[in-house]
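Asks: here is my input, please return the structure:
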Amino acid sequence: MTTAKIPTEQEVIGYMTSLSNWGRWGPDDMLGTLNLITPKKRTQAARLVRQGITVSCARPIIPEPAADVMSPPLHYMTSSGETVPPTGAGGTGDFIGIQFHGLSTTHIDTPPHQFWNGKMFNGKPASAVTAQQRATVGGIELLKDGILTRGVLLDIAALKGKPWLEAGEAVFPEDLEAAEKAQGVHLEEGDALLVRMGWYKRRVEVGPPTVAQGRPGLHAATLPWLHKRGISVALADASWDVAPSDYASLRIPVHTVGIVFMGLWLIDAGNCEEVVEVCRRLNQWEFMFVVAPLRWRNATGSPVSPLAVF
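Replies: Predicted coordinates for the structure are as follows:
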């Protein structure tokens, strides 16, 4: 039973004003919190690479149906080794299709992925995303040069002494600060925050959960903390928002307030199981964090394979 202060729904709606970054970096800005990643922050991150170890923070993409998969990924061969001539050169080809927004594919959300009252980040109209032209502002091409910053992993499951958090179990600011203290790290402006709740471990060992079961995640109470610390991009091994949220009009308040008003970049459905093993072995919870989305035009996000580099 948490002793954390739980904000009312009206208080969370108030965050849309008190935590807003609209206009902070100019009227046309769509990079939002990624503006907090300065050249100095990137060089700080690069200095953390001492072991030459790289670890993916993505889940494998498997083209098969599952309880938490909205639409199974598609992967078929346009040509295979079965059809090549018995002599001379040959080759293969693939087609891949992914509906990546959801609970199972590791992906990053762009500003036009979420709206409130017909607006996206920085007051741009929701109508700027159309079926034919797609995201005409704030699309994934904003990240054509990628993201590189200092990453910090907070192991909340270990903090609570369990292999994974349960569905509906919320993470509060007090949990984030307790994990910092236990691990001897401190998140600073421009950093990437990685939150391990063990949800991917549960998926592997127990099986895919249904959407109706809910999931662990950050409580809306963490939003002022994320804003104050200046988190630039954040990865969770669930889908960020605890579900159910227990707010009538805010099903996913971290997504709504974070993306629409703070301009916070969120990576959903990550995998922290491999990186946490390296962190424990090296007793190092900070690393260079790199994200390079597909350079797709006018998309509201992209599958990603974020890398932690030690």
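
Asks: what average pLDDT does stretch 111-120 get?
Replies: For stretch 111-120, mean pLDDT rounds to 98.

Asks: return the set of buried residues in the strand or helix carrying Tyr15.
Replies: Assigning secondary structure by DSSP states H and E places Tyr15 in helix 9-18. Burial within helix 9-18, assessed by neighbour count using 16 or more other CB atoms under 10 Å, is assigned to 12-13, 15-16. In short, each C-beta sits where N, CA and C put it, glycine included.

Asks: rebuild these as JSON lines, extending it with pLDDT and distance to Gly230.
Replies: Converted to JSON lines, the buried residues of helix 9-18 look like this (pLDDT from 0 to 100; distance: CB to CB, whole Å):
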{"residue": "Val12", "pLDDT": "98", "distance to Gly230": "20"}
{"residue": "Ile13", "pLDDT": "98", "distance to Gly230": "23"}
{"residue": "Tyr15", "pLDDT": "98", "distance to Gly230": "16"}
{"residue": "Met16", "pLDDT": "98", "distance to Gly230": "18"}
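
Asks: for these, which one is nearest Glu188?
Replies: Proximity of the buried residues of helix 9-18 to Glu188 (CB to CB) peaks at Tyr15, which lies at 21.6 Å.

Asks: show me what secondary structure element comes after the helix holding Tyr15.
Replies: In N-to-C order, the element after helix 9-18 by DSSP H and E is helix 39-46.

Asks: list the buried residues in that following helix.
Replies: Of the residues in helix 39-46, 41-42, 44-45 count as buried by neighbour count, 16+ other CB under 10 Å.

Asks: let me see the mean pLDDT of that helix.
Replies: Helix 39-46 comes out at a mean pLDDT of 98.

Asks: residue numbering should commence at 23 henceforth.
Replies: That works, and once the first residue is 23, the last one we named lands at helix 61-68.

Asks: just the mean pLDDT for stretch 235-249, thanks.
Replies: Over the span of stretch 235-249, the pLDDT mean works out to 97.

Asks: gap between the two ends of that stretch?
Replies: The first and last residues of stretch 235-249 sit 29 Å apart, counting by CA to CA, to the nearest Å.

Asks: where does this structure dip in pLDDT?
Replies: Segments of the chain classed as low confidence (criterion: pLDDT under 70) are 23-25.

Asks: let's see that with 50 instead.
Replies: Regions of the chain meeting the criterion pLDDT under 50 cover residues 23.
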